[in-house]
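> Fold the following for me, if possible:
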Amino acid sequence: MKACIMCGGEGTRLRPLTFERPKPSIPILNKPSVVHLVEHLAKEGFTDIVVTLGYMAEMIEMELGDGRMFGVHIDYVYEDERLGTAGGVKNAEELLRNEPFIVLGGDHVLNLNLREMYRFHIMADSLVTIGLISIDDPREFGIADMDVNNRIHRFLEKPGPGEIFSNLASTGIYMCNPEIFDWIPSNTKYDFAKDLFPAILAKGKKINGLLVSGQWTDVGSPAAYRQAQRWMLEFLPETTIGGHFKTKDARIKGPLRVEHNVSIGSNSAIVGPIVIGENVTIGDNVLIGPYTVISANCVIKDDSRILSAYIFNDVTVGENSKISGSIIDKNTVIGQNCSLENGTVIGPKVTIGDNVTIHSNIKIWPKMTIRKGSRVSEDLINPKLDFSDNGS
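Model prediction:
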């Protein structure tokens with residue numbers, strides 16, 4: 001079975017995390033998000049995969065290779081300019097034309113039964129089957145009006161006030177017949193949700209929906225990213241230690257996944273579910289609470305508290321600092337006696353001085369320096385970088 005993974009977007013809504021990596025390379029449990037997706041597709045039987053590439057394409061290709069390590073075959077198709085979701089798939093028509101195929105976003109994190117969706121589509125005889133999920137707030141998604149026979153009669157992308165006629169949101173996962181290419185113009189920016197689906201419905205052609213069950217999110221915002229990490233952590237089956245592990249008088253409660261060469265100091269408490277990468281040093285009297293991921297080569301100094309935080313590679317956290325519900329990108333240094341409140345997003349290569357407080361939901365762009373004793377209550381934007389954080 002064939003799959004097409006769309007990886008062309010710049011991930012502006014995830015800034016400052018996407019200045020040095022494309023959105024599909026955002027780490028989930030210390031592994032690129034798109035790797036989790038390919039592994040799930042392989043498990044579901046989709047072993048012939050086409051990846052459409054745009055922004056920082058070389059990084060995704062380096063992470064996935066030719067697919068052999070995942071038991072699949074991967075081809076790459078490049079976009080010289082932004083073609084939209086449907087336009088990007090049209091650009092890969094030569095590789096997808098001969099049989100039905102599934103389309104997914106490279107930022108999707110999921111455990112859905114995709115094989116069931118494939119079987120349903122084959123039996124239902126429609127141009128497209130859209131995976132749908134019921135959510136409380138569908139304003140950031142396409143919504144569908146679907147009848148008892150799974151036929152979609154109306155579809156609207158990102159409804160405004162007074163337009164939310166359904167809470168059935170599109171997952172952005174589509175099963176497509178090859179005839180779909182006849183509906184998509186070549187070399188033109190064209191989207192599935194904004195352009196293609198309304199055009200098909202306007203002509204009275206059949207689009208089906210399928211209510212999918214399980215976990216799904218697109219890692220399109222820091223909040224969605226935290227959600228994806230959290231539910232992936234909930235599925236940690238047990239405690240595993242991948243190599244040399246040193247501890248002295250620490251209190252450890254799983255489930256944990258600990259990689260090689262991790263050291264935990266005296267009287268520290270580690271409460272899972274937690275993932276700790278290789279070459280991590282955790283000091284004395286440190287509390288690391290549930291739903292935390294610490295990546296490789298990090299140093300967490302004495303008396304710190306790390307609670308539901310996601311810390312990327314090569315980060316140092318100073319003594320007696322508290323990090324709650326924050327995301328901290330690579331090569332960042334946090335001084336002592338600092339407080340990073342819930343929802344904080346710190347870009348790569350940031351230096352935070354001692355005794356700094358960063359208020360909730362603040363974003364700090366890469367390569368910024370925050371002076372000792374500062375209280376940061378608004379986003380800090382590096383003027384040398386693009387300041388936009390909305391869009392794809």
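
> dump the residue contacts of residue 66.
Residues near residue 66 by Cβ atoms under 8 Å, 6 or more residues apart in numbering: 73, 74. To be clear about C-beta, it is placed using only N, CA and C from the backbone, and glycine gets the same treatment.

> sec struct for it, please.
coil (DSSP: H, G, I helix; E, B strand; the rest coil).

> mind checking pLDDT for residue 105?
Here the pLDDT value assigned to residue 105 is 94.

> do residue 364 as well
97.

> Residue 159 too?
87.

> What is the neighbour count of it?
17 (other Cβ atoms under 10 Å).

> Could you do the one 10 residues further on as well?
The number of residues packed near residue 169 is 23, by other Cβ under 10 Å.

> pretty sure it contacts residue 131?
No. The pair formed by residue 169 and residue 131 falls short of the contact definition of Cβ atoms under 8 Å, at 9.8 Å.

> the residue most distant from the middle of the protein, which is it?
Here the chain reaches farthest from its C-alpha mean at residue 249, the gap being 36.1 Å by Cα atoms, centre = their mean.

> Looks to me like that residue is in a strand.
No. With three-state DSSP as the criterion, residue 249 is located in coil rather than a strand.

> got the contact list for it?
Applying Cβ under 8 Å, 6+ apart, the residues contacting residue 249 are 266, 267.

> Ramachandran angles for it?
phi 60, psi 30 (degrees, to the nearest 10).

> From residue 360, how far out is residue 376?
11 Å (Cβ to Cβ, to the nearest Å).

> Please, where are all the helices along the stretch 251-392 of the chain?
Under the criterion DSSP state H, counting those that start in this stretch, the stretch 251-392 of the chain carries no helices.

> give me the low-pLDDT residue ranges for it?
387-392 (pLDDT under 70).

> Among residue 376 and residue 360, which residue is more densely surrounded?
Taking other Cβ under 10 Å, residue 376 and residue 360 do not tie; residue 376 has more neighbours (19 against 13).

> mind giving me the domain ranges of the protein?
Using automatic domain parsing, the domain ranges for the chain come out as 2-220, 240-376.

> Pull up the distance across the last one, start to finish.
Looking at domain 240-376, the gap from its leading to its trailing residue is 38 Å under the measure Cα to Cα, to the nearest Å.

> got it, and stretch 323-332?
13 Å.

> Name the residues of it that are buried.
For stretch 323-332, a neighbour-count test (16 or more other Cβ atoms under 10 Å) marks 323, 324, 325, 326, 327, 328, 329, 330, 331, 332 as buried.

> Among those, name the ones in strands.
Counting by DSSP state E, these place 323, 324, 327, 328 in strands.

> surely the second one meets residue 358?
No. Using Cβ under 8 Å, residue 324 is not in contact with residue 358, being 10.5 Å away.

> list the residues that contact both of those two?
Joint contacts of residue 324 and residue 358 (Cβ under 8 Å, 6+ apart) are 340, 341.

> So which residues make contact with stretch 342-349?
15-17, 19-20, 222-223, 312, 324-332, 340, 352, 358-368, 382.

> Could you give me the buried positions within that stretch?
For stretch 342-349, by 16+ other Cβ under 10 Å, it's 343, 344, 345, 346, 347, 348, 349.

> and what of stretch 78-85?
79, 83, 84, 85.

> Now flag whichever of those residues is closest to residue 154.
Closest approach between those and residue 154, by Cβ to Cβ: residue 85, at 19.5 Å.

> Please confirm that that closest one is located within a strand.
No. Under three-state DSSP, residue 85 falls outside any strand and is assigned helix.

> show me the contacts for it.
Counted by Cβ under 8 Å, 6+ apart, residue 85 has contacts 6, 103, 172, 190, 191, 192, 193.

> Any figure for the gap between the third one and residue 325?
Which is residue 172. Residue 172 is 26 Å from residue 325, by Cβ to Cβ.

> Just read off the phi/psi values of residue 116.
phi -60, psi -40.
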